[in-house]
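1. generate coordinates for the sequence data below:
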Amino acid sequence: MSIAPPSRAPSPAPLYRRTPVRIACVQYDVKLGRVEENAAKVQHLTRGLQPGSIDLLVLPEMCLSGYMFSNPTSILPYLEPPRIGSTSLLARSLAQRLRCHVIAGYPEALPTAAHPSSSTPAPSTSSTPAPASAPGEGEGVGYNSAVVVSPSGEVVGNYRKTFRFETDKNWAKEGDGFVHFDLPEPLGRVAVGICMDMNPKDFIAPWDAFELANYCRDNAVDMLVVPMNWLSPPAEPPEETPQEDPEAPSESNLNYWAARLQPLHDPTPGYATSTPRGEIADPIGGKEVVFVACNRIGTEEGTTFVGTSCVMTVSSSPSRIELVECCNISEERVMIATVT
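-> Purely as a prediction, here's the structure:
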């Protein structure tokens, strides 16, 4: 599978999008456990954005805490209460300043969990399992979540990761299932997934189950936003993992994400002309879905993340995927994409 380069002429705008949608992804090197430092980095990277210049700002999965927590005890100081935790406060501040919606990933505390103090120790880097007395061990002490904030600074949504990666299983409970949020134009119906949600469940479910993409198709989603901590998987022996060009995006991952969106770009009977919300059918045929992947870069506890944050448009009729904009695997920047 190959994806059309950004220089290709864009698809005609569907009738349900009356104005272009402007999307920004903040790709950066998140430092494990350095919440204030990471928040300052986000503020620095976004300082040049002007109020009203974008409609949606996306930050990566667990964007302030870092990701590689090896047991429940190590992440406890970084669990955040919804709405008033460090990530929610940053997202609310950005949303109000920029007058846009913001989606950001964070480790959510359980409703009954004690809130951590303002003094957060460095995370444990030991691979030794937590002691048997660790709170919530075996059950999960929180959720890997994403908050959705409106331009007024109001929290209008929260999503908990449905499919957990092996690192999540060290501490996180499974979420309640995929969700979407009906947001004002030009965003429309927005589904949120988090990283592993793009894969078959536990890497055991059939490839063609396409759980997240089918959810988007069946619910007439206009946009799928996926905060990530995505890495390139190691090659199977005796193959060696190829060295990637640091100044280029990861083409293998772009193609993989496109493949996981197959139900949205392969024609499906009844989907191309479906208008379940009373929308005017697109006379060109097919529903265009905007896919947004916001990934991070850097190496954490020996794990290297592959960047390549991107915006794609996906159409079922005609069947095609177009790459609107993407980052390379190593750069820190705010990627801005306009979908017309």
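2. quick one: low-confidence residue ranges for the stretch 1-150 of the chain.
-> Applying pLDDT under 70 to the stretch 1-150 of the chain flags the ranges 1-17, 113-138.
3. tell me which helix or strand residue 191 sits in.
-> Using DSSP states H and E, residue 191 sits in strand 188-192.
4. for that strand, packing partners?
-> With contacts taken as 3 or more Cβ pairs under 8 Å, 6 or more residues apart in numbering; DSSP states H and E, strand 188-192 sits against strand 142-149, strand 179-183, helix 211-218, strand 223-227. Where C-beta positions appear, they are placed from N, C-alpha and C, glycine not excepted.
5. what lines up beside it in the sheet?
-> According to DSSP bridges, strand 188-192 forms sheet pairs with strand 179-183 (antiparallel), strand 223-227 (parallel).
6. what's the closest of the helices and strands packed on strand 188-192 to residue 96?
-> strand 142-149 (8.7 Å; Cβ to Cβ).
7. using CSV, write out every CA atom in that closest one.
-> What follows is strand 142-149, C-alpha atoms only, in CSV (Å, rounded to 0.1, in the frame of the first residue of the first chain):
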residue,chain,number,x,y,z
GLY,A,142,-5.7,4.2,36.8
TYR,A,143,-6.6,4.7,33.1
ASN,A,144,-4.5,5.7,30.1
SER,A,145,-6.9,8.5,29.0
ALA,A,146,-7.3,11.6,26.8
VAL,A,147,-9.1,14.8,27.7
VAL,A,148,-11.1,16.9,25.2
VAL,A,149,-11.4,20.6,25.9
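8. pull out the buried residues from the helix or strand following it.
-> The first helix or strand that comes after strand 142-149 along the chain, using DSSP H and E, is strand 155-160. Using 16 or more other Cβ atoms under 10 Å as the test for burial, strand 155-160 gives 155, 157, 158, 159, 160.
9. name the nearest of these relative to residue 318.
-> Set against residue 318, the nearest of those by Cβ to Cβ is residue 159 (31.0 Å).
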